[in-house]
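Engineer: structural data only, the sequence is not supplied:
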């Protein structure tokens, strides 16, 4: 496809230069309530008459449920109901599922007929307390007939592997190969083809608070109200209502703040459905809040789990021509989001490099594990890691400086369409790299590294340059199919702004409440920028799905850009009305007025002015001071749709624009490897991010620090380990290791700002922060520390076991020489 | 993740506690010390005692005192109190150093010295310290008081010589001269160690007079590295002796592996940390002289 074939880009915007609030590190407006313990989490909610639910989890990875005896549990003290999977299947339809073939891998809130992973729910007990509910769980007798489990994704795809879903007929839920650009030519003409096999094991977001819901079904009206720390599902309410088998207009989902998500609460419908089903059954409000083992084994939100076979076509001068990626992804027992994770990867599959072709083969394997969901990066961070390992390997094979090799391939003209069809809106990768080299004291560390090596110490420097795509489009969930079942194109986010009679501003947000990101601070700063007020004076409230406006929710670093668009749109409507009102009150022509410092005034006559409060009080209380057609009040909303999406081509050689606002970063960790123990420690860590115009530098720095900490977890510590029988060996924080402040070094952070031409103020998303980069950078650093010993690690996390095994292998290889 | 029902009593004397344990033996009565191991086990429902005898109000178990050359630590002394007690720093620096590796400060503020030793987790620090220092464990039961040597105390993973109905009341650390060190390798700070090494080394001019070395994490119980001790005794305090001692000790190890470290990795780490621990204790022994 040539450039002329492409649909037109949105108009290039001119950005306001003298911003008052956008770009300032104000204190977060959310903090006071959370610091006072007044956040209002699900666990804090008490509703009169509320009961508590607990789920019985499968101890088997794969087994037929031959029978369930609940008689004793039903008779236990304080028990109101016991619902088995079979009964649940009558009460509820399958859960909302965006997978490739939902009918062939049916996903329900409790297992029916057979269990497919350790931790899958088989029954739920409703009791007066969670204690009593758990006591009753112990009295349920389930007769299991164990089946052989399939745990390895490549084995799952072999003939004769045990089938996770008999109806599917195989464990391959999806397979397709895409060619973008002239792959054959790039590889035929390449001087060198660098190949590798890489393995990224599964980890997942670990929020302090697990997923939960309080549901209250009113048998008098047939209405179900659910408070949940997931989404309000306004755009997809009908799907949840469908699962509950109630009309969508009888369902109200109200968002409450979440104690962290990192993606893992995205579209988390199961707890809400379980609570709703139980409430309808017992006629009282029911709380279901996962405990830690529930969450770790049964949250439906494990992260990526990939095997890669990759080839990189490179010229001797370091020019990268193309990449050929063959990946098998272990999705676990279900596949709720399809292979959207690979859409994320395809959005930035070439990284910041100007290569011209991409081959991408993806196979989605089903295994006896908890299914994947979302985890900060949604699969694109895995691609970043894979690509940077390949680029690093190319530099070693070509004996080129790894920094210069990267720089040689940088994209420098924007907007730039990558081979898959997605666009990079803007960027300045040289500037970020230069800043990172300086901030990290790269040259000094190279000298330190050489000195240390003379002492027998292994220091490694891991410079990587990588992308952070932001603001996803729905197309990435369906362009996989020639005839998609649901080719949805809406991804809206909404804001309502109300100026009360005193001039005070309230912003209403939809999709979800606070998730650990800072939507309230973002909106307060954006509103303050528009209305010249103090952001701490802006009141922020949330609205549930009942009366809620279309809203998709956070994910893919979209919140700030989308809320900014909605705030801008709602502001424009309010200001238009305020302008007309002011003109009327000042007996002036609207064209003669201008917005200055929080009000409208006659150009050149500043004493002829009406502040927003002056206008608001008139509009609220003095209807008869205005023309007949002006309504009382000053309130308006904006449903802001994705600002830049284009459709994929019919033959899928071009996927269109689906992730246009492209951030970039350079991370430079310096590590020391202890050869004797296989442990890795940090000597320094520098990170420079560019996600366009900053709204609040401090909160973005929080995303970078927190994301990097998670990336350190992914690189060195965190792993859901399933043994050969499918037992989950790391189902609590005793065994699932999360880095603490002791393992995370002090970060040196710098920002660079390359505004987007297409968004308000030039903002891009940055919410996935350091996790996009850190695993790649740490792996490169470890390999840099050990390259002279012939050790190269190709598997994450880099545990003492894996590192020692690699060191031992290299030692014995040297011994043989 | 809630515990099953249990009854609870908080006596104020050892005698009363022993009586309660006897009276509720049929309910699988257990003593509760700092609750840092038992309570999580109960929340996971891996332990389901029907009756808990909380030792937290027994004043007599909370004292640190000296008895001649012996440092006596009441079983209910909080780990953080022992960690910072001047008597401990003076008389059993190995214990003070090891306490710094026990989980995190909030855990040590509740956890007790006696509780950790009686729990006998094979990866824990304090059992190895007790073993290296030849501590004596004082146990009180319906038949009265008896004293068990550390070498006889740890009988298996999470199993000790404490009989049903008995309570660990005191840990007695005899005075040891020389250099002491505790080192351990844990995957993250404060987590259970893969390998811990407690060393006490006394030098006598140009030779090592005596070495006591105990290891955690490499066997179902904490073990003395007897082969290393014997190799070191009488040898010169140099690298060759240390290497020989480490080789001798490692040859006798057969740790089991888990998700955090294979047997091979644990052996590699044991080799490394034995050397580090011995070197450190030796340096300290030489500094003391």
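Structural biologist: Happy to help now that I have it. Treat the numbers as computed from the prediction; the structure is a model and nothing was measured. Residues are numbered from 1 along each chain as shown, chains lettered A, B, ... in the order given.
Engineer: hmm, the longest helix anywhere in chain B touching chain A?
Structural biologist: Here the longest helix in chain B is taken by residue count, with DSSP state H as the criterion, and it is helix B:263-288. Yes: using C-beta under 8 Å from any C-beta of the partner chain, we find that helix B:263-288 touches chain A at B:264-265, B:268-269, B:271-273. (C-beta placed from N, C-alpha, C; glycine too.)
Engineer: which one of the residues you listed is nearest to chain A?
Structural biologist: Looking at those and their distance to chain A, the nearest is residue B:272, at 3.6 Å (C-beta to the nearest C-beta).
Engineer: okay but that closest one is in contact with residue A:800, surely?
Structural biologist: No: contact criterion C-beta atoms under 8 Å: residue B:272 and residue A:800 do not qualify, at 10.7 Å.
Engineer: could I get the residues of helix B:263-288 next to chain A as CSV with distance to residue B:57 and neighbour count?
Structural biologist: Compiled in CSV, these are given as follows (distance: C-beta to C-beta, whole Å; neighbours: other C-beta atoms under 10 Å in any protein chain shown):
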residue, distance to residue B:57, neighbour count
B:264, 47, 14
B:265, 44, 24
B:268, 46, 25
B:269, 41, 26
B:271, 46, 19
B:272, 44, 22
B:273, 39, 24
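Engineer: mind putting these in CSV, pLDDT included?
Structural biologist: Written out in CSV, the entries for the residues of helix B:263-288 next to chain A read as follows (pLDDT from 0 to 100):
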residue, pLDDT
B:264, 96
B:265, 97
B:268, 97
B:269, 98
B:271, 98
B:272, 98
B:273, 98
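Engineer: now do the SS call for the residue of the stretch 1-150 of chain B found nearest chain A.
Structural biologist: With distances taken as C-beta to the nearest C-beta, the stretch 1-150 of chain B approaches chain A most closely at residue B:1, which sits 3.9 Å away. Residue B:1 carries the three-state label coil when classified by DSSP: H, G, I helix; E, B strand; the rest coil.
Engineer: ok, it - contacts?
Structural biologist: Residue B:1 makes contact with A:134, A:291-293, B:43-44 under the criterion C-beta atoms under 8 Å, 6 or more residues apart in numbering or on different chains.
Engineer: hmm, try it at 10 Å
Structural biologist: When contacts are counted by C-beta atoms under 10 Å, 6 or more residues apart in numbering or on different chains, residue B:1 is found next to A:54, A:130, A:134, A:290-294, A:732, B:40, B:42-45.
Engineer: take these and keep only those in helices.
Structural biologist: Filtering these for helices - DSSP H - leaves A:130, A:134, A:292-294, B:40, B:42-43.
Engineer: what does the stretch 151-289 of chain B have sitting close to chain A?
Structural biologist: Of all the residues in the stretch 151-289 of chain B, those in contact range of chain A (C-beta under 10 Å from any C-beta of the partner chain) are B:185-192, B:194-195, B:257-262, B:264-273, B:275-276.
Engineer: tabulate the residues of helix B:263-288 next to chain A (JSON lines), appending distance to residue A:48.
Structural biologist: As requested, these are exported to JSON lines (distance: C-beta to C-beta, whole Å):
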{"residue": "B:264", "distance to residue A:48": "59"}
{"residue": "B:265", "distance to residue A:48": "55"}
{"residue": "B:268", "distance to residue A:48": "60"}
{"residue": "B:269", "distance to residue A:48": "56"}
{"residue": "B:271", "distance to residue A:48": "63"}
{"residue": "B:272", "distance to residue A:48": "60"}
{"residue": "B:273", "distance to residue A:48": "58"}
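Engineer: returning to what we had before: what subset of the residues of the stretch 151-289 of chain B next to chain A is buried?
Structural biologist: Buried positions within those, assessed by neighbour count (16 or more other C-beta atoms under 10 Å in any protein chain shown), are B:185-187, B:190-192, B:194-195, B:260-262, B:265-273, B:275-276.
Engineer: which parts of stretch B:97-111 are buried?
Structural biologist: Within stretch B:97-111, the residues scored as buried using 16+ other C-beta under 10 Å are B:97-99, B:101-103, B:108, B:110-111.
Engineer: and which of those is nearest to residue A:240?
Structural biologist: Compare each of the buried residues of stretch B:97-111 with residue A:240 using C-beta to C-beta and the shortest gap goes to residue B:103, at 41.8 Å.
Engineer: state the pLDDT value of that closest one.
Structural biologist: If you check residue B:103, the pLDDT there is 96.
Engineer: element containing it?
Structural biologist: With the criterion set as DSSP states H and E, no secondary-structure element contains residue B:103; it sits in neither a helix nor a strand.
Engineer: quick check, it in contact with residue B:121.
Structural biologist: No: Residue B:103 sits out of contact with residue B:121 when judged by C-beta atoms under 10 Å, with a separation of 11.3 Å.
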